[in-house]
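**Student:** Give me coordinates for this.
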Amino acid sequence: MKKYFLIGLFIIFAALTNTAKAQVFLGEAFVGYNICQVDGDQIMGYFKPGINAGVGVIAPIWKKNNFSIEMSLEVLFNQKGAKQGRKYWDHKIDTITGREITGEYDLSMNYGEVPVMIYFTDKKLVSAGVGVSYGRLMGLKEYEHGVRTSVTATSGEFDQNEFNILADIKLRIYKRWKVGVRYSYSLNPIRTREYYNINYESLGEFKQYNNLWTFRLTYVFNENLDELHREEYRYNGDNPKFHEKAVEKELKKLKRKQAREARKNKQQ
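**Tutor:** Modelled structure (predicted):
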């Protein structure tokens, strides 16, 4: 499954690179770092690291002046999970398994994920986005008290299909390079599990949800940098690319000033 997913990523990457040359759609590539936790697993804190990497395509929807709206479609390899270090040091032995109870826990999940996002961009510098994604569980490893369990991606304990709600913000740092932060939360439970304390007393059944933050670096292919609206592009009399627009802006300011002065003269 992993092999086919990676092959698919390579094919889409190549297709997006060629598509980006048309300037109607733009291709992009991501690499990022996840900090994860699983809500409902009796462990608190974003202690599980992971990788977020993939490619995407951006389609413009609407644009006016310096503000624009775009839609993006991504294909990602996304690692999620939860982690807890040793919790108990009294060397108590589990009478059922014969192993030491340490409280250690490590859950690693590999997803193939397809997010669909809507971005609101100001001056091609800052973008805020919201969206949803579908994820398919491709691999899973779970360790309890330092020992691997029999649970796998296909053994039935975990839902292989995951739907998420997403929100992120990204900032252009240099030409086609951007940095961003994304928050993701599962819409459907990834697992329902009953938990017990060290005395084997039931704590109840809990639904579990992936909860993670992602810090990403993005590169946009073949973006037209001449369209960027920055402070250095303000009219100064010798920039032909923005000369006409700047002149129109100055004329509007002059007309408003003349109108104010005319109203004052009438009042006098």
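**Student:** And residue 42, how far from residue 127?
**Tutor:** 37 Å (Cβ to Cβ, to the nearest Å). For glycine as for every other residue, the C-beta is placed from the backbone atoms N, C-alpha and C.
**Student:** Could you check which of the two is surrounded by more residues?
**Tutor:** residue 127 (23 against 15; other Cβ atoms under 10 Å).
**Student:** Got the confidence number for the more buried one?
**Tutor:** At residue 127, the pLDDT value in this model is 97.
**Student:** Repeat that for residue 267.
**Tutor:** What the model reports for residue 267 is a pLDDT of 76.
**Student:** Roughly how far does it sit from residue 261?
**Tutor:** Counting by Cβ to Cβ, the gap from residue 267 to residue 261 is 11 Å.
**Student:** of those two, who's got more company?
**Tutor:** Applying other Cβ under 10 Å to residue 267 and residue 261 shows that residue 261 carries more neighbours, namely 10 against 6.
**Student:** what packs against whichever helix or strand residue 35 is part of?
**Tutor:** In this assignment (DSSP states H and E), residue 35 forms part of strand 26-39. In terms of contact count using 3 or more Cβ pairs under 8 Å, 6 or more residues apart in numbering; DSSP states H and E, strand 26-39 is assigned the packing partners helix 2-20, strand 48-64, strand 67-84, strand 202-220.
**Student:** Would you reformat these as CSV and include distance to residue 28?
**Tutor:** Below are those laid out as CSV (distance: least, Cβ to Cβ, whole Å):
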stretch, distance to residue 28
helix 2-20, 8
strand 48-64, 5
strand 67-84, 7
strand 202-220, 5
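**Student:** got a markdown table for those, with mean neighbour count too?
**Tutor:** Formatted as a markdown table, the helices and strands packed on strand 26-39 follow (neighbours: other Cβ atoms under 10 Å):
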| stretch | mean neighbour count |
| --- | --- |
| helix 2-20 | 14 |
| strand 48-64 | 17 |
| strand 67-84 | 20 |
| strand 202-220 | 16 |
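**Student:** Out of those, which gets nearest to residue 116?
**Tutor:** Shortest separation from residue 116 across the helices and strands packed on strand 26-39 is recorded for strand 67-84, at 5.7 Å, computed as Cβ to Cβ.
**Student:** Flag every buried residue along the helix or strand following that closest one.
**Tutor:** Downstream of strand 67-84, the next assigned helix or strand under DSSP H and E is strand 105-122. Under the neighbour-count criterion of 16 or more other Cβ atoms under 10 Å, strand 105-122 has 105-115, 117, 119, 121 buried.
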